[in-house]
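Peer 1: got a sequence here, can you model it:
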Amino acid sequence: MNYFTKEWYRTMHLSGLHFGVSRSKKAEVYSDEYFNKLYASKLNEYLTREMAFARMDSMQPIEDYPHPDSEEFMDFLASDYGRDEKVIVFPFGDEPYDFSASDDEDASEDVEEQFAFDKEAYEERFSVDFENRLKWYGENIPEEIRSEIADLRVYALGKVSARAYKLLEEFSAANFIKADIVAFDYERYLKQKSGIRKQYRKCLDFNDCIITEVNREAGKLILTFDNYKSLTDVEKLVLMEPDITIQESELTGSTWLFEEIYLNNGRHEIKVLMKDYNDKLAYFAVTFSTLLMVHDEKDWEDFE
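Peer 2: Sure, this is the predicted structure:
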């Protein structure tokens with residue numbers, strides 16, 4: 001990689017260390033009591049939000065309801081079913097629901113059961129995410145800034161002293177400039193290579209695609225994507241006459257982060273920065289004659 005290197009990716013991720021963080025005088029000193037209260041509060045907010053999502057996922061699709069202007073809807077209102085329909089009230093609203101309140105325990109359990117909300121599983125997920133975030137901060141924030149943070153656990157929950165916040169903000173701004181310069185340089189490179197820009201720039205958008213399957217056939221390399229978190233609807237990438245020149249990790253299970261496009265000796269080349277299933281950064285590079293992008297099964301049938 002000439003631009004979107006592993007070092008660049010780390011720099012980019014150190015450009016928002018103050019995002020979602022607020023200043024707090026209580027964060028100026030180390031306090032287990034403050035940390036425990038803050039953790040419980042953040043966990044409660046998380047569970048409330050995830051329960052809301054579970055509720056929406058379980059609701060009948062809106063297109064399945066009769067249209068308000070239709071005769072079907074008026075018949076529904078006039079029916080015994082319509083008159084007897086109960087409005088479901090959930091134990092959360094503008095304020096996070098207190099999962100620790102014993103007097104609402106039965107109601108909470110009813111809602112969790114109705115929407116298949118596994119509270120313990122979400123608590124575990126919150127805990128794992130918190131520990132991973134804490135470890136990453138400990139490994140990547142410079143010591144001169146880390147020493148100004150009274151409790152890294154509290155910072156990982158979004159609270160920090162005003163002094164530490166200022167240092168984090170300045171450090172993040174400097175890293176943002178560094179990362180942005182690299183992105184600008186790559187854009188300038190593409191402008192100089194009009195043929196590459198015309199062919200690829202507007203159609204390669206695989207950021208955050210997960211490679212779920214890799215097939216190597218005669219003269220073809222086929223990558224199947226889970227594109228749920230990406231901005232593309234491409235389901236398969238087919239590279240004709242491929243020659244893999246760099247592969248630092250297993251492709252299956254890896255996440256496509258950023259790519260660079262080149263033309264070398266009449267052949268096309270894609271260099272990719274990836275993250276494997278262990279979150280380790282890795283490079284992948286392949287030259288090819290032509291690429292095809294399959295958007296759905298119909299495209300695949302036409303291709304085959």
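Peer 1: use CA for all of it now, contacts and neighbours both
Peer 2: Will do.
Peer 1: list the contacts for Asn140?
Peer 2: Counting by Cα atoms under 8 Å, 6 or more residues apart in numbering, Asn140 touches Leu14.
Peer 1: can you check Arg49 too?
Peer 2: No contacts exist for Arg49 under Cα under 8 Å, 6+ apart.
Peer 1: if I look at it, how far off is Tyr165?
Peer 2: According to Cα to Cα, to the nearest Å, Arg49 stands 27 Å off from Tyr165.
Peer 1: do Arg153 as well
Peer 2: 15 Å.
Peer 1: one more: Asp180?
Peer 2: With Cα to Cα as the criterion, Asp180 and Tyr165 are 22 Å apart.
Peer 1: with Ala54 instead?
Peer 2: Ala54 is 35 Å from Tyr165, by Cα to Cα.
Peer 1: please say which of those two ends up with more neighbours.
Peer 2: For the pair Ala54 and Tyr165, the greater number of neighbours falls to Tyr165 (22 against 18), based on other Cα atoms under 10 Å.
Peer 1: verify the assumption that the more buried one is located in a helix.
Peer 2: Yes. Counting by DSSP: H, G, I helix; E, B strand; the rest coil, Tyr165 is found in a helix.
Peer 1: that one contacts Arg23, doesn't it?
Peer 2: Yes. Here Tyr165 reaches Arg23: they are 6.7 Å apart, a contact under Cα atoms under 8 Å.
Peer 1: just give me the neighbour total for the nearest residue to Phe288 once chain neighbours are set aside.
Peer 2: Nearest non-adjacent residue to Phe288, counting by Cα to Cα, 6 or more residues apart in numbering: Pro242, 4.4 Å away. Pro242 has 22 neighbours, counted by other Cα under 10 Å.
Peer 1: I figured Pro242 was touching Thr287, is that so?
Peer 2: Yes. Counting by Cα under 8 Å, Pro242 does reach Thr287; the two are 5.7 Å apart.
Peer 1: so how far is the first residue of stretch 139-152 from its last?
Peer 2: End to end - Cα to Cα - stretch 139-152 spans 11 Å.
Peer 1: what's the answer for stretch 275-290, then?
Peer 2: 25 Å.
Peer 1: contact partners of it?
Peer 2: By Cα under 8 Å, 6+ apart, stretch 275-290 touches 1, 6, 239-251, 253-257, 267-274.
Peer 1: show me those residues that map onto helices.
Peer 2: Lys6 (DSSP state H).
Peer 1: please report phi then psi for the spatially most central residue of the chain.
Peer 2: Nearest to the mean C-alpha position of the chain, by Cα atoms, centre = their mean, lies Lys229 at 6.5 Å. According to degrees, to the nearest 10, the main-chain angles of Lys229 amount to phi -90, psi 0.
Peer 1: what sits against it?
Peer 2: Asp208, Cys209.
Peer 1: ok, now with 6 Å
Peer 2: Asp208 (Cα atoms under 6 Å, 6 or more residues apart in numbering).
Peer 1: what about it, distance to Asn207?
Peer 2: On the measure of Cα to Cα, Lys229 and Asn207 end up 9 Å apart.
Peer 1: where do the helices of the stretch 1-150 of the chain begin and end?
Peer 2: For the stretch 1-150 of the chain, the helices defined by DSSP state H, counting those that start in this stretch cover 6-13, 32-58, 71-78, 80-84, 105-114, 119-140, 143-146.
Peer 1: moving C-terminal of the shortest one, what's the next helix or strand?
Peer 2: Once helix 143-146 ends, the next helix or strand along the chain (criterion: DSSP states H and E) is helix 152-156.
Peer 1: toward the C-terminus, what is the element adjacent to that next one?
Peer 2: strand 159-160.
Peer 1: ok, and what's touching that following strand?
Peer 2: Counting by Cα under 6 Å, 6+ apart, Val21, Ser22, Arg23, Ser24, Ala27 sit against strand 159-160.
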